[in-house]
Structures are given as structure tokens and as C-alpha cells.
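K.L.:
Sharing a model that was predicted from the sequence below.
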Amino acid sequence: MRFLGNLFFLCLLTFSCQSSQGKNFESGMVRTALAASWSSSKTETAGVSTESRDRALLASSGAFLTPTMEAGLEFSYDQEDGEATKTTGRGASLYGRFWQSPSGPNRTWAQAGLGWSDREIGSDLDGGLWWNASIGVTQFMTKNGALETSIRWNDQSFSSAGFDDSQTRTSLLLSYAIFY
């Protein structure tokens, strides 16, 4: 419930800021963004469930294929503090983003991505498939710059040392994007 309260506060903060009409999206335009994320996750390993807190940095860059469709590449780095361990992870994914409107100061969108991620727990390293889905809003602050607030769902599947496990995470992301 605290998570929803924080999200509500960030949405209010985003919409109360100075705004600009921003650029009209068109084919060939590029979007580059840097994001910070806070989340909680639940990991299932051999029938045992553990919960943890996670912080991540994400960088993405994509090109507009049409005024409402963007495709690009995203990289992430995260640190997770669990009940008994500390984990470091990295990931890369291809993503597609659908924009509801190519113009206006506030623009909503939905995004899906598929890629590869690895994680390091102590001296163990394993990797696996990573998918994510997001919904969010972009608030233009200047003609080329915007704040983005979103909720993301991630699922990572790992297989190492005879164990198969998965990690599901819900994240709140706050990012700054530049459109050119």
C-alpha cells in the first residue's frame, strides 16, 4: 500500500511541474532516457519464497518508427538487498513502446521488452531470459526534455547449478528523457 501512495505522490508531482507542448513525434525522431527505479521483489527457488528490496539504474535509447511507435535498446544495472544475500545484476533488452498521442504536454504510453539478464550472488553468476512490461506518462518540461513516471513488471528466469528459479518484480521508475 505504501508503494501506491508513493506512486500517487510522484504522479501529482509530475503533473504539477512546469510544462511545454514538447515536440510532435515523427518517424526518425530519437528518444534517450536515464531512469532510477525502486522496487520490491519475490523470488521462488526450489519452493522457497523470499522477498527483497531493489534499486536500479536504466538507460535506454529508441527511434520512432511511426509517430506513435518507438523501438529501442535498454540497459540496466541493479543491486538487491535480500533477507540473507546481496545481489548485483545487469540486463539488456529490446523494447517496443506505443504512444497514445504524438503531441501534447502529457503523453501516455505502454511498453514491452524482451532480453537477457544476469545476476551475481557472492561468487555465483547465472543468467536468463528477461521480459518486462510498463505503463507510464511523459510530461514535457521543455521542447526536448521530459520527466517520465511509470510502473514496470519484470520477470527473470534463471537456471544454474541444477536450480531453476524465477524472480518477479514490480518497479516504480522515474526518468528524464531527451527527444531529438
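P.N.:
Great, that's in hand. From a predicted model like this one, the values you see are computed outputs, not experimental measurements.
K.L.:
Where does the prediction get shaky in the chain?
P.N.:
Under the criterion pLDDT under 70, the flagged ranges of the chain are 1-19, 41, 43-45, 84, 158-166.
K.L.:
That one: helices as residue ranges?
P.N.:
2-16 (DSSP state H).
K.L.:
Would you mark the buried spots in the longest strand belonging to it?
P.N.:
Ranked by residue count under DSSP state E, the longest strand found in the chain is strand 48-66. Going by neighbour count (16 or more other Cβ atoms under 10 Å), the buried part of strand 48-66 is 52, 54, 56, 58, 60, 62, 64. Heads up, the C-betas are built off the backbone N, CA and C, glycines and all.
K.L.:
ok, now how distant is the first one from Ser39?
P.N.:
Here Ser52 is placed at a distance of 9 Å from Ser39 (Cβ to Cβ, to the nearest Å).
K.L.:
Then the third one?
P.N.:
For Ala56, the distance to Ser39 equals 7 Å [Cβ to Cβ].
K.L.:
do the same with the last one
P.N.:
Per Cβ to Cβ, Phe64 is found 28 Å from Ser39.
K.L.:
Hmm, Phe64 is touching Lys23, no?
P.N.:
No: using Cβ atoms under 8 Å, Phe64 is not in contact with Lys23, being 10.3 Å away.
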